[in-house]
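Student: dropping a prediction and its sequence here:
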Amino acid sequence: MQMLRIICVVPLQMNIKLNYLYRDGGNYKNYGQVVFANSLNLPLGEIEKRLSIHLIDNEWFVAAAWQLPELFFERSSFFDLDWHEFQSIEATEAPADSGEISEWLKGLLRHHTPNSPSS
């Protein structure tokens, strides 16, 4: 009698790192990142698609409206904006420091107007 061996592969839950920056009027940059848990194993493509509809001109966002840490410099000038620049998202094994990505995305839907320069 031959034994049947079944191997079940459970996908490793990867957290999601969101990379962004603040660029002041003098083009000085301050980089930041947050790591979200991804217990629903949302694919990166889906996360980026859901996030991108809330970007201003496909690139910018207001960190406070997105409930992300602001990366402003101590000094500011007349030419500085409140907008932060989205860089990328990536899967990471780093520990989560910013809650659950699915809940954060739901929060964007409740508090942010899609692709609006007046956001």
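Tutor: Sure, I can see it.

Student: going forward, measure contacts and count neighbours with C-alpha atoms only.
Tutor: Noted.

Student: which element, helix or strand, includes Ser88?
Tutor: Taking DSSP states H and E as the definition, one finds Ser88 inside strand 83-92.

Student: partners of that strand, with directions?
Tutor: strand 15-23 (antiparallel), strand 60-62 (antiparallel) (DSSP bridges).

Student: ok, which of those strands comes nearest Lys49?
Tutor: Nearest to Lys49 among the strands paired with strand 83-92 is strand 15-23 (13.4 Å), distances taken as C-alpha to C-alpha.

Student: from the chain's centre, how far out does that closest one sit?
Tutor: 6 Å (C-alpha atoms, centre = their mean, to the nearest Å).

Student: contacts for it?
Tutor: 29-39, 70-72, 83-96, 101 (C-alpha atoms under 8 Å, 6 or more residues apart in numbering).

Student: make a ChimeraX selection of the buried ones in those residues.
Tutor: This is the ChimeraX syntax for the buried subset of the contacts of strand 15-23, where burial follows 16 or more other C-alpha atoms under 10 Å:
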select :33,34,35,36,37,38,70,71,72,83,84,85,86,89,91,92,96,101
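
Student: coming back round to it: could you point out which of the strands paired with strand 83-92 sits nearest Leu105?
Tutor: Nearest to Leu105, of those and by C-alpha to C-alpha, is strand 15-23 at 12.1 Å.

Student: got the angle between the helix or strand just after the closest one and strand 15-23?
Tutor: Downstream of strand 15-23, the first helix or strand assigned by DSSP H and E is strand 29-36. Orientation check (axes from the mean of the first three to the mean of the last three C-alpha atoms, to 10 degrees): strand 29-36 against strand 15-23 gives 160 degrees.
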